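# Quick one, structure for this:
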Amino acid sequence: MIITKSISRFSRNTVDCLKFTRKLKDMNIAVFFEKENINTLNTKGEVLMTIMAALAQQESESLSANVRLGIQFRNQQGKVKVNHNWFLGYTKDEDGKLVIVPEEAEVVRRIYREYLEGASLIMIRRGLEADGILNGVKHARWYETNIRQILTNEKYIGDALLQKTYTVSVLDKKRSVNDGAMPKYYVHGCHEPIIPRETFLLVQEEMARRSTLNQGRTKCMFSSKFALSGNVICEHCGNTYRRVTWCIKGEKLVVWRCSTRLTPGKECEGRTIPEDDLHAAIASAVNKVYANRDEIIPVLKENIKSVIGCDVDDEIEVIDGMIRKSQMDLLNAGRDEDKIQAIGEKIVSLRERRRNVLSQAALQKDRFDRIKAAIRFVEEQSGDVEYSEALVRNMIEKVTIHDDRIAVEFKSGLKVDMEG
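Reported below is the predicted structural model:
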């Protein structure tokens, strides 16, 4: 005999309760439920058990609904609950708040830094493994998915996106990715950040750029080895150029050709350019900027003035005040579910507006930093520079190949045309 406190402790639904008690009954094993005083070997036991099990299932569903409502209420108030056990870079203090682990935070910063310097996910993984660095679960082996999750996790900038997953079935306890079936809640500044917001946004832009290289007209595979991959554009078709090695009379010649011309059945008038000529044009463009610094620096400074807009602090303060008022309204809403839902949606909308304001401010700051970096480079340059991969990654936005010239566009917004 198996003695059980109650049916609700034995199973959460009627089907499972009947299934397993019948299996045990076939083996001549009785299940006795103390609370309901039911013995499954008794002829009347199964009828009573079926009724009681249905009531237990209803109770379980009701309890689950209350728990979900409590989680939703907590999310609407912006209260963040994070499992920190496998969270690289953070742990929790005595009050349950996220705090930074300095050694692990440096690993996170390294991943972001190397990615922006042009490293691929595979290169970052190999570097971490070679240095014997442990991942979030304290294993020496890394995966590209681990690194991608770190690069896209908003918690590293001090924010938190709540309800990324949800319970699909109460009885089966299955969870699924929330693709819009349930509301999501974005909480800003709920803990100390590891990564600056502008750095995080730059990484998201770079990830989007790399992912679109192999789509549409600009079909091209991202290469972490060559900084110009995906950044050299054809004037005629808008497609990207690819690095190609020719073998002419036993000698190798590296050239860049339009990807359209390399695709069977497609034609393009974009010209082929030797790699040495392309490198020389870029280096010459950089040196030309330096040579004309007396004219260019004032222009860049004027661009800085146009970038600096109104201070976002005032707007953020107004939004925060509206959020606080809505949260107080939520506390006074009682059990009115319609009112709770309406106020919750308003809070979500306000948080989304706050995030957009901060994102625009971060993008503005990124452009500001780029222009400042260009001014600093021009002012500090003491002589002619030579081509390097680092120079391209830090200074050049894109290069457009025309029939009679090469247009070099800098990240600061400057454009220089070079003959060639």
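# quick check, distance from stretch 89-102 to the centre of its chain.
21 Å (C-alpha atoms, centre = their mean, to the nearest Å).
# Next, the distance between the ends of it.
From its first residue to its last, stretch 89-102 covers 7 Å (C-alpha to C-alpha, to the nearest Å).
# That one: which residues count as buried?
Under the neighbour-count criterion of 16 or more other C-beta atoms under 10 Å, stretch 89-102 has Gly89, Tyr90, Leu98, Val101 buried. Every residue, glycine included, has its C-beta placed from N, CA and C.
# so how far is Gln327 from Ala333?
11 Å (C-beta to C-beta, to the nearest Å).
# neighbour-wise, which of the two wins?
Ala333 (17 against 14; other C-beta atoms under 10 Å).
# Grab the nearest non-local neighbour of the more buried one.
Of all residues not flanking Ala333 in the chain, Lys339 sits nearest, at 4.5 Å (C-beta to C-beta, 6 or more residues apart in numbering).
# where's that neighbour, which helix or strand?
helix 337-380 (DSSP states H and E).
# What ranges does the stretch 201-350 of the chain have for its helices?
275-291, 293-307, 312-331, 337-380 (DSSP state H, counting those that start in this stretch).
# weakest of the ones you listed by average pLDDT?
Sorting those by mean pLDDT places helix 293-307 lowest, at a mean of 65.
# quick revisit: and the furthest pair within the buried residues of stretch 89-102?
Leu98 and Val101 (10.0 Å; C-beta to C-beta).
# got any residues that touch both of those two?
Tyr90, Thr91 (C-beta atoms under 8 Å, 6 or more residues apart in numbering).
# before we move on, back to that, quick check: the residue nearest to Ala333 touching Ser326?
No. Between Lys339 and Ser326 no contact is recorded; they are 11.4 Å apart, counting by C-beta atoms under 8 Å.
# now for stretch 386-404, what's the gap between its first and last residues?
23 Å.
# Buried ones in that stretch, by neighbour count?
For stretch 386-404, by 16+ other C-beta under 10 Å, it's Tyr387, Leu391, Val392, Asn394, Met395, Ile396, Lys398, Val399, Thr400, Ile401.
# is the last one in a bridge, and if so with what?
It refers to Ile401. Cys234, Ile406 (DSSP bridges).
# any idea how far the residue nearest in space to the middle of the chain lies from Ile111?
Nearest to the mean C-alpha position of the chain, counting by C-alpha atoms, centre = their mean, stands Thr152 at 2.2 Å. Separation of Thr152 from Ile111 (C-beta to C-beta) stands at 11 Å.
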